[in-house]
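Novice: build me a structure from this.
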Amino acid sequence: MKYTQGDVFIESIDKIPNGVKKKDNILAYGEITGHRHRFESKAIQVFVDEDKQQFIEVSNNEEGLLVHEEHDTVHLPKGKYKVRLQKEYDVVEGTRQVMD
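Specialist: Next comes the predicted model:
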């Protein structure tokens with residue numbers, strides 16, 4: 001399954017890789033507004049690996065609710081997920097993350 005919220009793409013995976021570390025429940029920050037793509041449930045754990053790749057685990061039957069002030073709420077069922085943040089290419093700066 002795949003889910004999107006603005007510039008955040010989430011896809012289900014079978015397994016979260018070894019060596020990841022737990023982090024806060026914020027997936028991305030808005031550059032201008034300061035809004036955040038974030039989870040507001042304790043049923044969610046967000047992990048990050050050494051390359052800053054993020055992973056999500058919804059650990060019980062409560063849905064993981066991804067909220068943002070300018071987008072519809074995304075409902076993630078129990079499972080494991082990989083997060084992809086949209087990137088753009090700038091001739092001067094090279095590749096960078098898109099900011100809401």
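Novice: element containing the most centrally placed residue in the chain, please.
Specialist: Central residue of the chain (C-alpha atoms, centre = their mean): residue 27, 4.0 Å from the mean position. Under the criterion of DSSP states H and E, residue 27 resides in strand 26-29.
Novice: list the buried ones in that strand?
Specialist: 27, 28 (16 or more other C-beta atoms under 10 Å). Bear in mind the C-beta positions are built from the backbone N, C-alpha and C, glycine included.
Novice: strands paired with it, and their directions?
Specialist: strand 36-39 (antiparallel) (DSSP bridges).
Novice: low-scoring stretches of this structure, by residue?
Specialist: Low-confidence regions of the chain, defined by pLDDT under 70, span residues 31-34, 87-100.
Novice: the strands in it, which residues?
Specialist: 2-5, 8-13, 21-23, 26-29, 36-39, 44-48, 54-58, 64-67, 74-76, 79-85, 87-90, 94-97 (DSSP state E).
Novice: residue contacts, the spatially closest residue to residue 57 that is not a sequence neighbour?
Specialist: In space, and not counting its chain neighbours, residue 57 is closest to residue 45: 4.8 Å by C-beta to C-beta, 6 or more residues apart in numbering. Shown in contact with residue 45 (C-beta atoms under 8 Å, 6 or more residues apart in numbering): 22, 56, 57, 59.
Novice: ok, of those residues, which come out buried?
Specialist: Buried among the contacts of residue 45 (16+ other C-beta under 10 Å): 56, 57.
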